[in-house]
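Colleague: using only what follows, build the 3D model:
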Amino acid sequence: MRRSLTTVLVAFLISTSAASAVAAGAGHLEGYVPAVAHVEGKFGSFWTSDVWVYQQGATTIHIWLNPPGQDNTEGESVVVSLEEPVVFLPDVVANLFGTEGSGSLHYIADGPVTVTSR
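Modeller: Here you go, the predicted model:
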């Protein structure tokens, strides 16, 4: 009895995991990168954030930098053309926004995208 219960439980977990993966979809239109930076750290370190945009039907993406402690409702976006399947944005704070500091990114695309950062 115990072995059959374990088998049923494992089968249930596998089936619900597969269903969750299918329900997640291929991409999304809007999202956030919770933390990005171009700042000096301790002991001579320097922190930067790289971003990859995987387009899955989108042609453009609007990206806003949201510095902490500010009202970011009136900020202007930077529009990035998604001409390749993957667009790499190295040191996004300095290169895309021309500034230093930290914050979050908010983005809205005109089609499905997946956005990752490091």
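
Colleague: just give me how far the lengthiest strand in the chain sits from the chain centre.
Modeller: Scanning the chain for the longest strand, with DSSP state E as the assignment, gives strand 101-117. When C-alpha coordinates are averaged (C-alpha atoms, centre = their mean, to the nearest Å), strand 101-117 and its chain have centres 5 Å apart.

Colleague: and it, what's buried?
Modeller: Neighbour-count burial for strand 101-117 flags S102, G103, L105, H106, Y107, I108, A109, V113, T114, V115 (criterion: 16 or more other C-beta atoms under 10 Å). The way it works is simple: take the backbone N, C-alpha and C, and place the C-beta from them, glycine included.

Colleague: what of stretch 80-100?
Modeller: For stretch 80-100, burial by neighbour count (16+ other C-beta under 10 Å) applies to V80, L82, V87, L89, D91, V92, V93, L96, F97.

Colleague: from T59, how far off is the last one?
Modeller: The one in question is F97. Applying C-beta to C-beta, to the nearest Å, the value for F97 to T59 is 21 Å.

Colleague: got it, and the fifth one?
Modeller: Look at D91 and T59: by C-beta to C-beta, they are 24 Å apart.

Colleague: low-confidence stretches in this structure?
Modeller: Applying pLDDT under 70 to the chain flags residues 1-25.

Colleague: what about the helices in it?
Modeller: Remark: helices assigned in the chain by DSSP state H are 2-24, 92-97.

Colleague: list the beta-bridge partners for the closest residue to W64 other than its chain neighbours.
Modeller: Distances taken as C-beta to C-beta, 6 or more residues apart in numbering place H106 nearest to W64, at 4.5 Å, with adjacent residues excluded. Per DSSP bridges, the residues bridged to H106 are Y32, W64.
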